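Trainee: generate coordinates for the sequence data below:
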Amino acid sequence: MKFTGVRKSWHGVAGLIVLSAFLSLEFYTNLFEKSVGYYLKWENHKRPQLGRMWDRDRQSLIAEAKIKSIRSSLDLQEETALGISSFKHLFEGISPGFPLIVSREKFLQLYYDFPGQWSEQIISSYDLIDLDSKKIWDRVFLKRFGPWITIQFIDRQNIPIHELFLSVDTLFEVQATRTVKRGTLEDSRFTANRIFLISEFLPVLKSLDSITQKAVFPDPRWFLGKNYHITRVGISDFLAGDLAQHLLFGVEYDTEYYTGVLLIPVPIELADNMMSQIEKADLSDLVATPPSLGESP
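Mentor: The predicted model follows:
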């Protein structure tokens, strides 16, 4: 009997010690509250939350998830844009609900690779220099809202540092502007009597003023820098698509692997003027040169 009483006494003392230790731990560390909080945070996150602390943690987790989702979406859009081959294709790829994002390097590549002055209508190259001088420009975000296209130049934190708004009519302009096709001039429906060697056309091009030259012919650097060799030019006898007052001017060139044609809409009056000058040059070559004095006829 004594042994049973001593054993109960020891159990009581041990329980008291454990209880005292737990109360001390709870008093100094708030162990119970933290345990409940961690349980609600990690094991029971789908239930309605109670208390300010849990609500704050929930909002923090939601915000982090949204940020990760946005970053993943932007990275995916940037990877998709890597396959864009021209400034024309960049703007054709914009549609409501499907924004595009391209890196600074990709945008500059497409900007300066366009065979003409159209890219300057989007943003001046001097404005690009100003943006780049700040050393924070990282990517370009393009999105369409109804009749408008928004172009945002953003930093690494996706904060806009410069913004442009363009009318959707700009899409028509770029679609109607210079186009590159594979194949010969004949493949693009140019007739033989309206196709000329580049050597026949260059004198006519040189006779035009500088503004007109840029309107009908790209910067030669576009060909020379790509190691393209211009062989022939052609002036169409059909209208340039939806541009009722334009004919197509074609520049045929050879690369290492294929033949291509750069198609440029040209006003009908200008195209006819170039045709007439080339024909005059051809006719002058057919006229016999009179013999000089002292020579027998």
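Trainee: ok, now how distant is residue 273 from residue 250?
Mentor: Distance of residue 273 to residue 250, given as C-beta to C-beta, to the nearest Å: 17 Å. Any C-beta I mention is one placed from the backbone N, CA and C, and that applies to glycine too.
Trainee: residue 136: which element?
Mentor: Counting by DSSP states H and E, there is no helix or strand that carries residue 136.
Trainee: now do the contacts for the residue lying closest to it once chain neighbours are set aside.
Mentor: Of all residues not flanking residue 136 in the chain, residue 155 sits nearest, at 4.4 Å (C-beta to C-beta, 6 or more residues apart in numbering). Shown here is residue 155, whose contacts under the criterion C-beta atoms under 8 Å, 6 or more residues apart in numbering are 136-138, 161.
Trainee: and the strands in the stretch 101-250 of the chain, which stretches?
Mentor: Using DSSP state E, counting those that start in this stretch, the strands found in the stretch 101-250 of the chain span residues 139-145, 148-154, 160-167, 179-182, 195-197, 229-240, 243-254.
Trainee: now for the ones you listed, which one comes closest to residue 216?
Mentor: If you check each of those against residue 216 by C-beta to C-beta, strand 243-254 wins as the nearest, at 5.7 Å.
Trainee: who are the packing partners of the closest one?
Mentor: In this structure, strand 243-254 packs against strand 229-240, strand 259-267, helix 268-286, with contacts taken as 3 or more C-beta pairs under 8 Å, 6 or more residues apart in numbering; DSSP states H and E.
Trainee: turn the ones you listed into TSV, columns for mean neighbour count.
Mentor: Compiled in TSV, those are given as follows (neighbours: other C-beta atoms under 10 Å):
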stretch	mean neighbour count
strand 229-240	19
strand 259-267	21
helix 268-286	13
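Trainee: closest to residue 216 out of those?
Mentor: Comparing the helices and strands packed on strand 243-254 by their distance to residue 216 (C-beta to C-beta), the top pick is strand 259-267, with 5.3 Å.
Trainee: how many degrees apart are that closest one and strand 243-254 in direction?
Mentor: When axes from the mean of the first three to the mean of the last three C-alpha atoms, to 10 degrees is applied, the directions of strand 259-267 and strand 243-254 differ by 150 degrees.
Trainee: neighbouring strands for strand 259-267, and are they parallel or not?
Mentor: Strand partners for strand 259-267, identified by DSSP bridges, are recorded as strand 179-182 (antiparallel), strand 243-254 (antiparallel).
Trainee: ok, how many other residues are close to residue 106?
Mentor: Applying other C-beta atoms under 10 Å, we find 17 other residues in the vicinity of residue 106.
Trainee: to clarify, my last question referred to residue 178.
Mentor: Burial measure for residue 178: 21 neighbouring residues, criterion other C-beta under 10 Å.
Trainee: again with the one 3 residues further on
Mentor: Taking other C-beta under 10 Å as the neighbour definition, residue 181 ends up with a count of 14.
Trainee: show me what it bridges to in the sheet.
Mentor: Beta bridges link residue 181 to residue 261 when assigned by DSSP bridges.
Trainee: so who does it touch?
Mentor: Each residue near residue 181 by C-beta under 8 Å, 6+ apart is listed here: 187-188, 260-261, 263.
Trainee: would you list these in CSV and tack on distance to residue 246?
Mentor: Conversion of the contacts of residue 181 to CSV gives the following (distance: C-beta to C-beta, whole Å):
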residue, distance to residue 246
187, 20
188, 15
260, 21
261, 16
263, 11
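Trainee: farthest pair in the contacts of residue 155?
Mentor: Distances among the contacts of residue 155 were taken as C-beta to C-beta; the most separated pair is 138 and 161, at 9.2 Å.
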